[in-house]
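# here is the input, now give the coordinates:
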Amino acid sequence: MKMRSMAALTAILVAAPLMAVTPGPQAAAQSRPGGSARSAESTLVGGIDLDTVTIPELQARMARGSLSSVRLTLAYLRRIKAVDPRINAVLHTSPTALAQAAASDIRHRLGRTRGPLDGIPVLLKDNVNTRDMPTTAGSLALAGKPPATDAELVAKLRAGGAVILGKANLSEWANFRAAAPTSGWSAVGGQTHNPYVLDRNPCGSSAGSAAALAASLAQVAIGTETDGSIVCPAGMNAVVGLKPSLGVVSQSGVVPITAEQDTAGPMARNVIDTALTLSVLSGDDPGLGLGEAAARPDALRGKRIGLWRLPVLGTEVDALMTRTAERLRAAGAEIVEVDLPYQDRLGELEFPALLSEFHRDIDAYLATRNGPRDLAELIEFNRDHPEEQTCFAGQELFEQALVAPPTTDPEYLAMRAELADLSRRSIDEVMTEHHLDAIASPANPPAWTTDCARGDNDVIPSSTPAAVAGYPSLSVPAGFVGELPVGLLLMAGDHQDAELLSLGAAVEHRLDGRRAPRYLPTLPTD
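Take a look at the predicted model:
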């Protein structure tokens, strides 16, 4: 197709749905408070429910011509406009989203689709570089000119035909600024709320990505994790989140905490979409046949799963873990009670190591951006800008990192070596001793109330072993404590991502632990 005719067709495909949805007098009247129509808030689009539909189902409809990417993208943009004011999860929508969708529709018509994400709307956490939208890490210090180039993972998404829908709010600097931060708050975006109960916290730092998915504001999203920042918000918002093995997804162009633990990862409302997104980010295909395999009656038969209960998360969470174990046993899995060793020592070592690594890695990143050129200048920026202190004033972690030993220091090197050894042994030894396919634990407690004065109320040790080891971990919805979601965290050995996703799909199918949010303002007991 010639370039001019391709451009003309793209313009027609973009303009047609916009003209079709221009509200007439009746629709406008119905959309006013008290009107009977709430189509923009509906999750139903052309006979499909955005809350439950999977990428394979969407692709099948697009292949048949009964759904277009433009229509799908427009539906998500409408929901963002209608629903996001309640939860404040989306910072920006891309001005080219519909044009990207139109280009995908042309590829579908010509039989030239690029893979499972072609035409699928994706939200990015706002610490992932995009050349055409701001990338701020939630900080006003980076709120000026966008980066010169996309992050490598964004380039892969674009090459795969994904529609980059926009950027999601996050905990500022991925929750590595203050000693008592409030997850889901940033100076750029304000506070993201948990869609299930709006005065409750969404957990950090991929708060906006998880809350947006829970509210069906995108089909999939990208989060990032150093320790818990994908799997905790996934659990607390009843979605799925994968922290991949270290190195599976490129960190080039992502605002860092530490190269030793940081990874971006896929998030979605189901495991299949999570796996398909990983296939584009990594170049592998762990999503092939996942749905059919998970639905088999014997999918869990003979699987050995170690249950690490973590009673510190409360009796209600522990009772949910008991019910979860019973349901998995009923499906044929063997559940073994386990305890992971070395956790106290990991807790002693991880934070000091992160301080040294953050100073090294944030200086390298800031040197590529307009604004503060290093950590020292960033600290001064925060002191000089009161807007950076509207929820919490502290930047104690920045200040400690500034004077931390360099990563060439022998004491630091010994600390990181011990961390790597103990974290891997904590998983490997337990899996070997009990012949396990995976270790399971609660991903999160019930969401705490958001309170800037107090900060987070999060004691969540389950993410640390896999995060420090660089091993994969996957949060799937396990159920609810009252109105508040709790996830089941599954972890496995190094680069066992595909096996973990396959097991996670089977677990998800048996637990059926997700339901759509109701946007309750608070809980009656509050």
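# alpha carbons only for contacts and neighbour counts from here, please
Fine.
# run the chain-centre distance for stretch 415-422.
27 Å (Cα atoms, centre = their mean, to the nearest Å).
# dump it to PDB, restricted to CA.
Provided in PDB are the C-alpha atoms of stretch 415-422 (Å, rounded to 0.1, in the frame of the first residue of the first chain):
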ATOM      1  CA  MET A 415      27.200  -7.800  51.600                       C
ATOM      2  CA  ARG A 416      25.800  -8.200  48.100                       C
ATOM      3  CA  ALA A 417      27.500 -11.600  47.700                       C
ATOM      4  CA  GLU A 418      25.900 -12.800  50.900                       C
ATOM      5  CA  LEU A 419      22.500 -11.500  49.900                       C
ATOM      6  CA  ALA A 420      22.700 -13.300  46.600                       C
ATOM      7  CA  ASP A 421      23.800 -16.600  48.200                       C
ATOM      8  CA  LEU A 422      21.300 -16.600  51.100                       C
END
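# where does the chain have low pLDDT?
For the chain, applying pLDDT under 70 flags the ranges 1-40, 285-291, 526.
# swap the cut-off to 80 and go again
Scanning the chain for pLDDT under 80 picks out the ranges 1-40, 284-295, 297, 525-526.
# in it, which residue is closest to the centre?
residue 223 (3.5 Å; Cα atoms, centre = their mean).
# that residue and residue 264, how far apart?
In this structure, residue 223 and residue 264 are 6 Å apart, going by Cα to Cα, to the nearest Å.
# what do you get for residue 401?
Plainly put, residue 401 is 22 Å away from residue 264 if you go by Cα to Cα.
# before we move on, what about residue 478?
23 Å.
# looking at those two, which is more packed in?
Higher neighbour count among residue 478 and residue 264: residue 264, with 30 against 27, using other Cα atoms under 10 Å.
# spatially nearest residue to that one (excluding sequence neighbours)?
Spatial nearest neighbour of residue 264, chain neighbours left out: residue 224 (4.0 Å); criterion: Cα to Cα, 6 or more residues apart in numbering.
# with residue 335 instead?
Closest to residue 335 by Cα to Cα, 6+ apart is residue 305, at 5.0 Å.
# my guess is that neighbour contacts residue 329, does it?
No: in this structure, residue 305 is not within contact of residue 329 by Cα atoms under 8 Å, at 9.8 Å.
# give me the common contacts of the two.
Listed contacts common to residue 305 and residue 329 are residue 335; contacts here mean Cα atoms under 8 Å, 6 or more residues apart in numbering.
# between those two, who's got more neighbours?
Neighbour count, other Cα under 10 Å: between residue 305 and residue 329, residue 305 has more, with 28 against 18.
# helix, strand or coil for the more buried one?
strand (DSSP: H, G, I helix; E, B strand; the rest coil).
# contact partners for it?
In this structure, residue 305 makes contact with 333-336, 436-440, judged by Cα under 8 Å, 6+ apart.
# narrow the residues you listed to those in strands?
Counted as lying in strands by DSSP state E, out of the contacts of residue 305, are 334-336, 438-440.
# assumed the residue nearest to the centre of the chain was part of a strand.
Yes: under three-state DSSP, residue 223 falls within a strand.
# wait, it touches residue 274, no?
No: contact criterion Cα under 8 Å: residue 223 and residue 274 do not qualify, at 11.4 Å.
# quickly list what's touching both of those two.
In contact with both residue 223 and residue 274: 266-267, using Cα under 8 Å, 6+ apart.
# how long is stretch 457-474 end to end?
With Cα to Cα as the measure, stretch 457-474 spans 22 Å from end to end.
# ok now it, how far from the chain's centre?
The answer for stretch 457-474 is 15 Å, by Cα atoms, centre = their mean.
# which parts of stretch 468-476 are buried?
Judged by neighbour count using 16 or more other Cα atoms under 10 Å, the buried positions of stretch 468-476 are 468-476.
# ignore the last one, stretch 434-450
436-450.
# next: stretch 338-346.
338-341, 343, 346.
# would you turn the residues you listed into JSON lines with distance to residue 427 and secondary structure?
Shown next, in JSON lines, are these (distance: Cα to Cα, whole Å; DSSP: H, G, I helix; E, B strand; the rest coil):
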{"residue": "338", "distance to residue 427": "11", "secondary structure": "coil"}
{"residue": "339", "distance to residue 427": "10", "secondary structure": "coil"}
{"residue": "340", "distance to residue 427": "7", "secondary structure": "coil"}
{"residue": "341", "distance to residue 427": "8", "secondary structure": "coil"}
{"residue": "343", "distance to residue 427": "11", "secondary structure": "helix"}
{"residue": "346", "distance to residue 427": "13", "secondary structure": "helix"}
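# farthest-separated two in the residues you listed?
With Cα to Cα as the measure, no two of the buried residues of stretch 338-346 lie farther apart than 338 and 346, at 17.8 Å.
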